[in-house]
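K.L.:
need a structure here:
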Amino acid sequence: MFPELRLNQYVVIHSRNACYLPDCPQCSIGADNNCGRHLPCGLGIDGSYAPYVAAPARTIVPVNATTEEIPPPVAAVSTDAVLTSYHALKDLKAGETVLIIGIGGLGMNAVQIAKNLKKAKTVIVSATRDVTFQAALKVGADYAAKPEDLASLISSNNLIIDTVCDFVGITATFQSALEHVRPQGTILLVGLGAPSVSLPLYPPKELIIKTIFWGTKKELAEVLAEVKALKITPVIETRPLSKAVETFEDLRNGKLTGRVVLIP
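P.N.:
Here you go, the predicted model:
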């Protein structure tokens with residue numbers, strides 16, 4: 001059933017855990033990231049904080065690279081933090097100006113995807129910590145500003161924002177997106193920082209507002225190929241699995257810059 005798989009193969013798991021059945025309304029059109037028949041791994045069923053994990057063969061994606069070309073921690077991060085950003089920005093057009101709000105594990109990858117793959121003209125990042133500014137500029141961002149300085153930056157540089165990608169997802173960041181995107185522009189809501197946000201109906205800017213969830217199995221294979229080609233280099237830190245609780249506290253307290261990979 002799965003001729004692409006073999007014993008001792010270097011693989012990753014597409015943890016969305018979709019059914020991939022022909023009668024599934026979502027999987028049948030290639031939108032397996034929205035399959036409603038199974039819970040994602042780690043979201044209602046067991047995840048991967050363990051030395052070994054059993055996974056359905058249908059969820060397995062060959063890495064098609066050596067561990068030197070794509071080290072396992074990088075492959076692990078590619079399945080979520082890179083894949084979600086890749087899926088979010090898949091319709092971005094070359095030459096556009098993009099505002100990325102929230103520069104963490106996903107935002108760092110989004111900067112590289114926008115610049116290296118989608119050929120964005122200008123990438124602006126908005127975040128609250130200076131250390132993330134430096135990291136974002138290093139991976140390709142053109143401008144960086146704190147939220148309170150963003151309007152001044154945009155105005156003084158005569159920037160017109162075509163697309164805003166919000167990796168935070170709270171009222172304040174969504175309002176910032178609404179304020180700065182051009183009429184008939186696009187807002188991509190990726191972050192899930194709040195259960196809901198408010199959408200004012202005035203002024204009517206005729207926007208496209210799209211919520212984003214994960215990415216497809218096909219896109220994961222594409223992501224791995226781009227990582228192998230060095231078009232995307234995830235910003236990661238590795239820690240032992242025994243440091244999981246401490247790592248979650250660091251995440252809660254805003255002490256992390258990229259993604260942390262826990263090593264059993």
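K.L.:
next SSE after the longest strand seen in the chain?
P.N.:
Among the elements of the chain assigned as strand by DSSP state E, the one spanning the most residues is strand 181-189. Using DSSP states H and E, the helix or strand that follows strand 181-189 in sequence is strand 208-211.
K.L.:
how far does stretch 217-225 sit from the chain's center?
P.N.:
Here stretch 217-225 is found 13 Å from its chain centre; the criterion is C-alpha atoms, centre = their mean, to the nearest Å.
K.L.:
quick revisit: quick one: strands adjacent to the longest strand of the chain?
P.N.:
strand 161-166 (parallel), strand 208-211 (parallel) (DSSP bridges).
K.L.:
can you map out the helices along the stretch 51-200 of the chain?
P.N.:
Along the stretch 51-200 of the chain, counting by DSSP state H, counting those that start in this stretch, helices occupy 72-77, 83-88, 105-112, 130-138, 150-156, 171-180.
K.L.:
so which of those gets nearest Asp162?
P.N.:
helix 171-180 (10.7 Å; C-beta to C-beta). All C-beta spots, glycine's among them, are computed from the backbone N, C-alpha and C.
K.L.:
State the number of residues packed around the closest residue to Val235 other than its chain neighbours.
P.N.:
Once flanking residues are discounted, Val235 sits nearest to Gly258: 3.0 Å by C-beta to C-beta, 6 or more residues apart in numbering. Counted with other C-beta atoms under 10 Å, the burial measure for Gly258 works out to 21 neighbours.
K.L.:
now Val168
P.N.:
25.
K.L.:
Surely it touches Ile101?
P.N.:
Yes: contact criterion C-beta atoms under 8 Å: Val168 and Ile101 qualify, at 5.8 Å.
K.L.:
How much space separates the residue lying closest to Lys218 once chain neighbours are set aside from Ile103?
P.N.:
Using C-beta to C-beta, 6+ apart and skipping the chain neighbours, the partner closest in space to Lys218 is Gly30 (6.6 Å). Counting by C-beta to C-beta, to the nearest Å, the separation of Gly30 from Ile103 is 30 Å.
K.L.:
what about those two, which has more around it?
P.N.:
Just comparing Gly30 and Ile103: by other C-beta under 10 Å the higher neighbour count belongs to Ile103, 29 against 11.
K.L.:
what's near enough to touch the more buried one?
P.N.:
111, 125-127, 132-133, 135-136, 144, 167 (C-beta atoms under 8 Å, 6 or more residues apart in numbering).
K.L.:
switch to 10 Å and redo it
P.N.:
110-111, 125-129, 131-133, 135-137, 139, 141, 144, 167-168, 235, 257-258 (C-beta atoms under 10 Å, 6 or more residues apart in numbering).
K.L.:
Show the buried residues in those.
P.N.:
110-111, 125-127, 132-133, 135-137, 139, 141, 144, 167-168, 235, 257-258 (16 or more other C-beta atoms under 10 Å).
K.L.:
my guess is Thr247 meets Gly105, correct?
P.N.:
No: the criterion here is C-beta atoms under 10 Å, and Thr247 misses it with Gly105 at 12.0 Å.
K.L.:
Now do the shared contacts for these two.
P.N.:
237, 256, 260.
K.L.:
for the last one, helix, strand, or coil?
P.N.:
Judged by DSSP: H, G, I helix; E, B strand; the rest coil, the three-state class of Val260 is strand.
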